[in-house]
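Colleague: Attaching a predicted model along with its sequence, questions to come.
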Amino acid sequence: MTQRVTSVLNAVNLASYSSSPGFLGYFERVGRYANGMAEEAVACLLDSFSLQVDDWTLISSLHANLDEVGSFGDSQSDAADLDTVDYLCANNVLSGFSYRTRFGADYESDAYSEAVSKSQLDFIEVPVEELAGEVLQKLLVARMLVYGLRGHLFLVSMKNGLALYPHDDTGFGVIMFGSAPNRSAAVEFLERANHLASFHSVLTD
């Protein structure tokens, strides 16, 4: 396990991100989701941080449960989700497999629960500078929108002592770690998001 992954696991409460010691806050959409909100949230992040040049790393155990992807119920959304998952798997930032095939169908068993938990701790680490911009953007949007994705995804900067994560309510949260996190940059990011028409931010203090 690398230093970055260890730093994340030491700093983040994976069961409840907002209970992490360094949790700073988050931003989220206001009201019902409308087309383009996830892309707007990602654009805010990319405008706020120099991810390609400033030591940022994708640390992710995100994966697609193929038993669920494409079965949300809306045919247009399901087709788009399947295309997105295929694209991200082809670009090696997402894995896809059937929980039923890999873990069995005894959903109430300890063995099943342990296998699922283990799959969510199988992290990859990829420097953001090695990712095409479109791949990263699609991955972040997918984490917010695609039905059937499981696991964790963080953008981590060791230099800034920050871990950013996309979430289901269409936005990003911020967790600080290390001895000298760049709190001012994180606060500026959340304040920028708070000025977007369809979002609001919440800071812990």
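Modeller: That came through fine. Residues are numbered from 1 along each chain as shown.

Colleague: Every contact and neighbour count from this point should use C-alpha atoms.
Modeller: Noted.

Colleague: where does the nearest residue to F103 once chain neighbours are set aside land in three-state SS?
Modeller: Computed as CA to CA, 6 or more residues apart in numbering, the closest residue to F103 that is not its neighbour in sequence is Y112, at 5.9 Å. Secondary structure state of Y112, per DSSP: H, G, I helix; E, B strand; the rest coil, is helix.

Colleague: for this structure, what spans make up the helices?
Modeller: Applying DSSP state H to the chain gives helices spanning 3-11, 37-48, 75-90, 99-103, 110-119, 133-145, 183-194.

Colleague: and of those helices, who's closest to S201?
Modeller: helix 183-194 (5.0 Å; CA to CA).

Colleague: quick check: angle from the closest one to helix 37-48?
Modeller: Our comparison of helix 183-194 with helix 37-48, counting by axes from the mean of the first three to the mean of the last three CA atoms, to 10 degrees, yields an angle of 140 degrees.

Colleague: quick one on the thing from earlier: tell me how many other residues crowd the residue nearest to F103.
Modeller: Residues near Y112, counting by other CA atoms under 10 Å, number 18.

Colleague: OK, contacts around it?
Modeller: For Y112, the residues meeting the contact criterion (CA atoms under 8 Å, 6 or more residues apart in numbering) are F103, G104, A105, D106.

Colleague: And the residue nearest the centre of this protein?
Modeller: In the chain, the C-alpha closest to the average C-alpha coordinate belongs to L153, at a distance of 3.5 Å (CA atoms, centre = their mean).

Colleague: tell me the contacts of the residue lying closest to that one once chain neighbours are set aside?
Modeller: Setting aside the residues directly before and after it, L153 is nearest to S60 in space (CA to CA, 6+ apart), at 4.3 Å. Contacts here follow CA under 8 Å, 6+ apart; on that basis S60 touches D122, F123, I124, E125, G151, H152, L153, F154.

Colleague: between those residues, which has the most around it?
Modeller: The most neighbours of any of those, using other CA under 10 Å, belong to F154, which has 25 neighbours.

Colleague: Distance of that residue relative to A197?
Modeller: According to CA to CA, to the nearest Å, F154 and A197 sit 25 Å apart.

Colleague: Mind listing the residues bridging to the residue nearest to L153?
Modeller: Beta-bridge partners recorded for S60 (DSSP bridges): I124, L153.

Colleague: And the contacts of stretch 181-197?
Modeller: Contacting residues not belonging to stretch 181-197 are listed as 25-27, 41, 44-45, 48, 159-162, 174, 176, 199-203 [CA under 8 Å, 6+ apart].

Colleague: buried stuff in it?
Modeller: For stretch 181-197, the neighbour count (16 or more other CA atoms under 10 Å) marks P181, N182, R183, A186, V187, F189, L190, E191, R192, A193, N194 as buried.
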